[in-house]
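Q: build me a model from this:
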Amino acid sequence: MREKIEEKLRAALGENIISVSEFKDQVIVEAKRDSIVEVCRLLKEDQELEFNFLSDICGADMLNFEDASSRKAYLAVEHDYHPEEVPTSERFMVIYQLTSLRNRLRVRVKVRVDGDNPVCPSLTSLYPAANWYERETFDMFGINFEGHPDMRRMYMPEEYDYHPLRKDFPLMGVPGSIPLPRK
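A: Below is the predicted model of the structure:
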């Protein structure tokens, strides 16, 4: 099936497909960020493939600390949190999990997102279920989804300035950033 998916994607989208691989019987497609809607539309609407179920969208922070001393510099041991100091070239990845119910197959589609301007096109027009998944990814990683009908936080308060699943976010949180209940 990998060959068939790759053939159809490359024929329709050419250079927008970065790579197609397979791991444990699951096809993994890496595409350019701006082509994600076209990639998913082809996977969904192709009569032979029919990846008609979006089962998940998640984010990944690809931040790589070279050594322990650079990690301390980013997190500043004294809880002096400075996320703007983190290198940001293609820092994030958005991962889509699609399922073909008819063919009983799954495909993972990945796109890289720049850390300086973490924006990715929304899939809500193609898969209505993307609404909540994109909101969760925005809330936890700070990745905005262009064209989303209701981009607001799900877990954290609207006025919260941070995104807790980023690798540069301190494990114990940012002191004083959110009011905690009294003991």
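Q: what helix or strand does the most centrally placed residue in the chain sit in?
A: With distances taken as Cα atoms, centre = their mean, the chain has Val94 as the residue nearest its mean C-alpha position (1.9 Å). Assignment of secondary structure by DSSP states H and E places Val94 within strand 92-100.
Q: okay, that strand in CSV with CA atoms only?
A: In CSV, the C-alpha atoms belonging to strand 92-100 read as follows (Å, rounded to 0.1, in the frame of the first residue of the first chain):
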residue,chain,number,x,y,z
PHE,A,92,7.7,22.1,15.8
MET,A,93,6.1,19.3,14.0
VAL,A,94,2.3,18.7,13.6
ILE,A,95,1.4,15.1,13.2
TYR,A,96,-1.9,13.9,11.7
GLN,A,97,-3.2,10.4,12.1
LEU,A,98,-5.7,9.3,9.4
THR,A,99,-7.6,6.1,9.1
SER,A,100,-9.2,4.4,6.2
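Q: helices and strands around it, which ones?
A: With contacts defined as 3 or more Cβ pairs under 8 Å, 6 or more residues apart in numbering; DSSP states H and E, the packing partners of strand 92-100 are helix 36-45, strand 53-61, strand 105-113. For glycine as for every other residue, the C-beta is placed from the backbone atoms N, C-alpha and C.
Q: kindly recompute the last result at 10 Å.
A: Using 3 or more Cβ pairs under 10 Å, 6 or more residues apart in numbering; DSSP states H and E as the contact definition, the elements that strand 92-100 packs against are strand 26-31, helix 36-45, strand 53-61, strand 105-113, strand 119-121, helix 130-141.
Q: can I get those in JSON lines including mean pLDDT?
A: As requested, the helices and strands packed on strand 92-100 are arranged in JSON lines below (pLDDT from 0 to 100):
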{"stretch": "strand 26-31", "mean pLDDT": "94"}
{"stretch": "helix 36-45", "mean pLDDT": "97"}
{"stretch": "strand 53-61", "mean pLDDT": "96"}
{"stretch": "strand 105-113", "mean pLDDT": "95"}
{"stretch": "strand 119-121", "mean pLDDT": "96"}
{"stretch": "helix 130-141", "mean pLDDT": "97"}
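Q: mind putting those in TSV, distance to Leu13 and mean neighbour count included?
A: Written out in TSV, the entries for the helices and strands packed on strand 92-100 read as follows (distance: least, Cβ to Cβ, whole Å; neighbours: other Cβ atoms under 10 Å):
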stretch	distance to Leu13	mean neighbour count
strand 26-31	7	20
helix 36-45	6	19
strand 53-61	19	18
strand 105-113	12	20
strand 119-121	14	20
helix 130-141	20	21
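Q: of these, which is nearest Asp168?
A: Comparing the helices and strands packed on strand 92-100 by their distance to Asp168 (Cβ to Cβ), the top pick is strand 53-61, with 8.0 Å.
Q: on that earlier part again, I'd like the mean pLDDT over the strand holding Val94, please.
A: The predicted model assigns strand 92-100 a mean pLDDT of 96.
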